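# dropping a prediction and its sequence here:
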Amino acid sequence: MKIKDFLEFLKLPPNILTAISLVSGVILFASNDFINKLYMANFRDNFGFIIAIIFLISTAILIVLLFTIVLKKVKTIIDIKRMKKARINYLLNADNYKVKLIKSFIKEETHTLQIQQNDGLTVELSHLGIISMAGSTQPVDFGYNNEMYLRYFLQPWVINLINNNEELKRKYKIK
């Protein structure tokens, strides 16, 4: 039963753990005059060991939680930088066919084109998130060999990357 209670203590939310840590820390480290004014001198003397364990465990859990939050933030920042670099490299190393298609999207006022859905380039650009279907329900046009033509739009991040990178501007001739 006591182990179960201890495990439940470990699952407390961070704001409760913070309160427990602060209160147990004050009880442990406050001056005797202050503790006497709170009428807690006997309590501290009788249960000081248990209060110290509670203080150490709750503080350790909070430190680990804080460390985890900081690491997640740093990892997110690193992942965003890596993704941006990979996207720029992809756009810089794109072949002429891809460049021509992306330029066509950029030239359109709404950055939307009707292109063949089953084309390998459409599938690749869609998979990489460079283009997306313009709505889940839309009219479908069929070509001569039953090719399906759907409306796709260029993702705003592609336009922003091209506009904010001189090499990409030159490659895609954006002025």
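Received the coordinates, thanks. Numbers count the residues shown, from 1 in each chain.
# any idea which helix or strand comes after whichever strand in the chain runs longest?
The single longest strand within the chain, with elements called by DSSP state E, is strand 148-154. Moving toward the C-terminus from strand 148-154, the next helix or strand (DSSP states H and E) is helix 156-163.
# contacts for whatever helix or strand comes next after that next one, please.
Scanning forward in sequence from helix 156-163 by DSSP H and E, the next helix or strand is helix 166-172. If you take Cβ atoms under 8 Å, 6 or more residues apart in numbering as the criterion, helix 166-172 is touched by 88, 91-92, 94, 99, 102-103, 106, 161-163, 174-175. Where C-beta positions appear, they are placed from N, C-alpha and C, glycine not excepted.
# roughly how far is whatever helix or strand residue 80 lives in from the heart of the chain?
Assigned by DSSP H and E, residue 80 belongs to helix 41-92. Chain-centre distance of helix 41-92: 16 Å, with Cα atoms, centre = their mean, to the nearest Å.
# stretch 95-109 too?
30 Å.
# how about stretch 79-99?
20 Å.
# now do the buried residues in that stretch.
By neighbour count with 16 or more other Cβ atoms under 10 Å, stretch 79-99 contains the buried residues 87-88, 91, 94, 98.
# quick one: mean pLDDT for the helix holding residue 80?
What helix 41-92 shows for mean pLDDT is 93.
# per-domain residue ranges of this structure.
Per the record, the chain has its domains at 2-89, 94-172, by automatic domain parsing.
# now the end-to-end length of the first one.
Right, the one you point to is domain 2-89. Using Cα to Cα, to the nearest Å, one end of domain 2-89 lies 57 Å from the other.
# again with the shortest one
Counting by Cα to Cα, the length from the leading to the trailing residue of domain 94-172 is 10 Å.
# now name the helix or strand holding residue 118.
Under the criterion DSSP H and E, no helix or strand holds residue 118.
# what's near enough to touch it?
Neighbour list for residue 118: 147-148 [criterion: Cβ under 8 Å, 6+ apart].
# over to it: give its phi and psi.
phi -90, psi 10 (degrees, to the nearest 10).
# and for residue 97?
Residue 97 adopts backbone torsions of phi -60, psi -40, taken as degrees, to the nearest 10.
# nearest residue to it in space, ignoring adjacent ones along the chain?
Leaving aside its sequence neighbours, residue 97 sits nearest to residue 121 (Cβ to Cβ, 6 or more residues apart in numbering; 6.4 Å).
# secondary structure element for that neighbour?
helix 120-127.
# next, the angle helix 41-92 makes with that helix.
The directions of helix 120-127 and helix 41-92 differ by 160 degrees, with axes from the mean of the first three to the mean of the last three Cα atoms, to 10 degrees as the criterion.
# mind listing what's buried along helix 120-127?
Buried residues in helix 120-127, counted by 16+ other Cβ under 10 Å: 122, 125-126.
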